[in-house]
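Trainee: The following block contains a protein sequence and its predicted model.
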Amino acid sequence: MQLFRREKYLSRIRGFYDAEDLIKVVTGVRRCGKSSLMKTISEELLERGVSPANIIYLDLDSRIYKNVKLPGELEQLILEKSAGKGTKYLFIDEVQNVSGFEEIINSFRNDGGYSIFITGSNSYLLSGELATKLTGRYVEFELFTLTFDEYEAMKSFYGKQIAPDRGQELANYLQEGGFPRALQFDDPADKRQYVQSVVQEIFEKDIRTRARIRDREAFEAVRNFIINNFGATTSIKKLHEELRKNGLSVTRLTVNRYIQVLLDAKILYECDRFDMKSKKSLKGEKKYYLSDLGFYFSTNTDNRINYGPALENMVYLYARSLNYAVSVGRIGKLEVDFILRSRKLDYSYVQVAYTILSSRDTEDREYRPLEKIRDNYAKYVLTADPILQKRNGIHHVNIVDFMKEEKEF
């Protein structure tokens, strides 16, 4: 099957295709499309004229390589496949299946002649072990599940039906999530079952096996609380108190560890809060967003969409997919949903709401924090409203149109 090319990521990686001195590490939650991205890169290399003999693709999760477990075995396999002349392009999927792979990978990088790309389970690659053992000789590219623009583009690419009503299409995306394989199923029940299987796989492979959770009940309570309250301001102290009220005896240190486990597995993303007057980060309270809304809808029986946090989560992932740094802003007693910092170190400010047309109070609630910001960086109110307005130079934009046109902030 022809692969859908995720251009926003490929455009960032292309400049490193021939960099033999840097290992290219593709990270992201399981089943977000890392393997397909690497296969797309190999396709582009072939189109560029690279000989097939110079492309080595090893999927260490496949049956043919399931017995490759030791560094020496991986080294021998790579050497056996290295038949081509000139630069070899080495792709290794699920590299963590080989214990001590770092030394071998680093030796091939040191010797030259190889441009190396690797992926693996997030809890391993992001645990700090990779950074320590590869001594910083790598560049990381973080991949996210499909953002709304990719969701529609991929549907069109594979001939899948797009709802004519954009409000319905938005609801479909929020409920289905952005795991690429789920898009191939037409029946909503099949989509849901697939996402549930992915979620279960992540909990089993990336958490229980590696993190060695002893108190399963306490961990699941923390996990469920965070997932069910995504987009809400949360503190370890409040969460700890909530668990104790429910009869779970667990320390704040353990609660913090459980949250870190969820972050390492890329189930959650942590968003710091920033005081715009003092220019300092606010300690204690943070917001957490899901790597995919499928984590919420696959673990809950209630399919109703709470558009406030769901749209915030959607915008958060879209901004991160464009390589923006994201934080939550506070100005006095008011809060700005997102402060975005681009790669060029420009800032923008974003408010997110389903609608601001329902009442003047709702409109004021979204505009007032932005109006208090005195700098000249761009300010946005993103909503699902079909009718847009102008107010004090602030951009009111339709969230669906904004993303479909792949606009930057």
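Mentor: On my side now, so go ahead.

Trainee: any idea which residue of this structure is furthest from its center?
Mentor: Distance from the C-alpha centroid of the chain, by CA atoms, centre = their mean, peaks at residue 85 (36.8 Å).

Trainee: Doesn't it belong to a strand?
Mentor: No. Membership of residue 85 in a strand is not supported by DSSP: H, G, I helix; E, B strand; the rest coil, which gives coil.

Trainee: Next one: it relative to residue 50, how far apart?
Mentor: According to CB to CB, to the nearest Å, residue 85 and residue 50 sit 11 Å apart. In this view, the C-beta of every residue, glycine as well, is placed from N, C-alpha and C.

Trainee: what's the spacing between the closest residue to the residue farthest from the centre of the chain other than its chain neighbours and residue 187?
Mentor: Leaving aside its chain neighbours, residue 85 sits nearest to residue 54 (7.6 Å; criterion: CB to CB, 6 or more residues apart in numbering). Distance of residue 54 to residue 187, computed by CB to CB: 42 Å.

Trainee: Comparing those two, which shows the higher neighbour count?
Mentor: residue 54 (19 against 8; other CB atoms under 10 Å).

Trainee: Reduced to three states, what does residue 408 come out as?
Mentor: Once three-state DSSP is applied, residue 408 turns out coil.

Trainee: For burial, what's the neighbour tally of it?
Mentor: Residue 408 is flanked by 14 other residues according to other CB under 10 Å.

Trainee: quick one, what contacts it?
Mentor: 322, 342 (CB atoms under 8 Å, 6 or more residues apart in numbering).

Trainee: outside of stretch 302-310, which residues touch it?
Mentor: 171, 174-175, 230-232, 293, 297, 352-354, 384.

Trainee: Nearest to the spatial middle of the chain, which residue is it?
Mentor: Ranked by distance to the mean C-alpha position of the chain (CA atoms, centre = their mean), the top residue is residue 144 at 3.3 Å.

Trainee: returning to what we had before: keep only those of the contacts of stretch 302-310 that are in helices.
Mentor: By the criterion of DSSP state H, membership of the contacts of stretch 302-310 in helices covers 171, 174-175, 297.

Trainee: Buried residues in the longest strand belonging to the chain, which are they?
Mentor: When the chain is parsed with DSSP state E, its longest strand is strand 280-290. Within strand 280-290, the residues that qualify as buried are 282, 285-290, counting by 16 or more other CB atoms under 10 Å.

Trainee: got a markdown table for those residues, with pLDDT and distance to residue 77 too?
Mentor: Formatted as a markdown table, the buried residues of strand 280-290 follow (pLDDT from 0 to 100; distance: CB to CB, whole Å):
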| residue | pLDDT | distance to residue 77 |
| --- | --- | --- |
| 282 | 69 | 50 |
| 285 | 82 | 49 |
| 286 | 90 | 43 |
| 287 | 94 | 44 |
| 288 | 96 | 40 |
| 289 | 97 | 39 |
| 290 | 96 | 37 |
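
Trainee: nearest to residue 203, of those residues?
Mentor: residue 290 (13.9 Å; CB to CB).

Trainee: looking at the sheet around that closest one, what are its partners?
Mentor: Bridge pairing for residue 290 (DSSP bridges) gives the partners residue 268.

Trainee: Then residue 327?
Mentor: Beta-bridge pairing of residue 327 under DSSP bridges involves residue 339.

Trainee: Am I right that it is in contact with residue 275?
Mentor: No. Assessed by CB atoms under 8 Å, residue 327 is found out of contact with residue 275, at 10.5 Å.

Trainee: can I see the domain layout of the chain?
Mentor: For the chain, the domain assignment from automatic domain parsing gives the residue ranges 7-142, 148-303, 325-404.

Trainee: can you put those in TSV and add distance to residue 316?
Mentor: TSV is the format used below for the domains of the chain (distance: least, CB to CB, whole Å):
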stretch	distance to residue 316
domain 7-142	13
domain 148-303	5
domain 325-404	6
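
Trainee: can you tell me which of those domains comes nearest to residue 315?
Mentor: Comparing the domains of the chain by CB to CB, domain 325-404 comes nearest, at 5.1 Å.

Trainee: Just the terminal-to-terminal distance for that closest one.
Mentor: For domain 325-404, the separation between the terminal residues is 21 Å (CA to CA, to the nearest Å).

Trainee: all numbers from here: first residue = 544
Mentor: Renumbered: residue one is now 544, and that last one reads domain 868-947.

Trainee: State the three-state secondary structure for residue 859.
Mentor: Residue 859 falls in the helix class when you classify it by three-state DSSP.

Trainee: tell me the contacts of it?
Mentor: 812, 814, 832, 869, 881.

Trainee: Which one of those residues sits in the busiest neighbourhood?
Mentor: Of these, with other CB under 10 Å as the count, residue 881 tops at 23 neighbours.

Trainee: Nothing else from me, thank you.
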